[in-house]
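>>> here is my input; please provide its structure:
(chains A and B)
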Amino acid sequence: AQSVTQLGSHVSVSEGALVLLRCNYSSSVPPYLFWYVQYPNQGLQLLLKYTSAATLVKGINGFEAEFKKSETSFHLTKPSAHMSDAAEYFCAVSEGYSTLTFGKGTMLLVSP
Amino acid sequence: DTAVSQTPKYLVTQMGNDKSIKCEQNLGHDTMYWYKQDSKKFLKIMFSYNNKELIINETVPNRFSPKSPDKAHLNLHINSLELGDSAVYFCASSRGRDTDTQYFGPGTRLTVL
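Coordinates of the predicted model:
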């Protein structure tokens, strides 16, 4: 069975600082991994996804994530936070057959 | 051009009522989904349809019944609403069944009084 753990329900950074949102997964088969962002009162938007090609995946808005099989991790980073990055971020794993399992989300707070 | 749309955006109703939420996608996708997001923001899949056929039916009360009249639409009907049904319901779609990216609608916030 697949599962996702996101460490930290809230992460606070200053504008311009590094953003690091942690995601660890459990999967019985090589997984597909996703990061989604949810802005207040909106639906989820795909940031990036890993599908067994390059281990470093670049997404929209300057975000990237690195797949590390040995650590079963897929952490999301951005070199310099912007106020507009404040949102809820969800990591998700899929083993196929339309089954997408989400983590509990991490709220990113950005202060000026 | 909205890719995945849902109506209504907000739904406030009394316990015991029956209500429906509609979802439409104009992406030409074959697979559609319903998710429930609870008050703690936890997202869980409820149903998935592929070419109008039910392929995923998670542990959801029988009061919830999805209906897909065609590939572009997946509606969710809820009978005898309970307080615990209050949540945000998201519709999503993807091109195929496996690991294709899922595109989400804006959500419907259901409040049961």
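>>> contacts and neighbour counts: CA atoms only from here.
OK.
>>> low-confidence stretches in the chain?
Going with chain A. A:96-98 (pLDDT under 70).
>>> chain B is the one I meant
For chain B (pLDDT under 70), the answer is B:1-2, B:97-99.
>>> nearest residue to the middle of chain B?
residue B:34 (3.1 Å; CA atoms, centre = their mean).
>>> secondary structure element for it?
strand B:31-37 (DSSP states H and E).
>>> what does the very next helix or strand once past that strand rub up against?
Per DSSP H and E, the first helix or strand lying C-terminal to strand B:31-37 is strand B:43-50. The contact list for strand B:43-50 (CA atoms under 8 Å, 6 or more residues apart in numbering or on different chains) reads A:98-104, B:30-37, B:54-60, B:66, B:68, B:71, B:74, B:96-97.
>>> who's the residue most central in space within chain A bridged to?
The C-alpha lying nearest the average C-alpha coordinate of chain A belongs to residue A:35 (CA atoms, centre = their mean; 3.7 Å). Following DSSP bridges, residue A:35 is listed with bridge partners residue A:48, residue A:91.
>>> residue B:104 now?
Assigned bridge partners for residue B:104, using DSSP bridges, are residue B:92.
>>> thought the residue nearest to the centre of chain B was touching residue B:102?
No - with contact defined as CA atoms under 8 Å, residue B:34 does not reach residue B:102; the gap is 11.1 Å.
>>> overlap in contacts, these two.
Joint contacts of residue B:34 and residue B:102 (CA under 8 Å, 6+ apart) are residue B:92.
>>> quick check: residues of chain B near chain A?
B:41-45, B:48, B:56, B:90, B:97-99, B:101-107 (CA under 8 Å from any CA of the partner chain).
>>> OK, contacts around residue B:78?
The contact partners of residue B:78, taken as CA under 8 Å, 6+ apart, are B:18, B:19, B:20, B:63, B:64, B:65.
>>> cool, and residue A:25?
Listed by CA under 8 Å, 6+ apart, the contact set of residue A:25 reads A:2, A:3, A:4, A:5, A:72, A:73, A:74, A:93.
>>> let's go with 7 Å and repeat that
A:3, A:4, A:5, A:72, A:73 (CA atoms under 7 Å, 6 or more residues apart in numbering or on different chains).
>>> so the residue nearest to it when sequence neighbours are not counted, which of the three states?
Spatial nearest neighbour of residue A:25, excluding adjacent residues (CA to CA, 6 or more residues apart in numbering or on different chains): residue A:4 at 4.4 Å. Secondary structure, DSSP: H, G, I helix; E, B strand; the rest coil: residue A:4 is strand.
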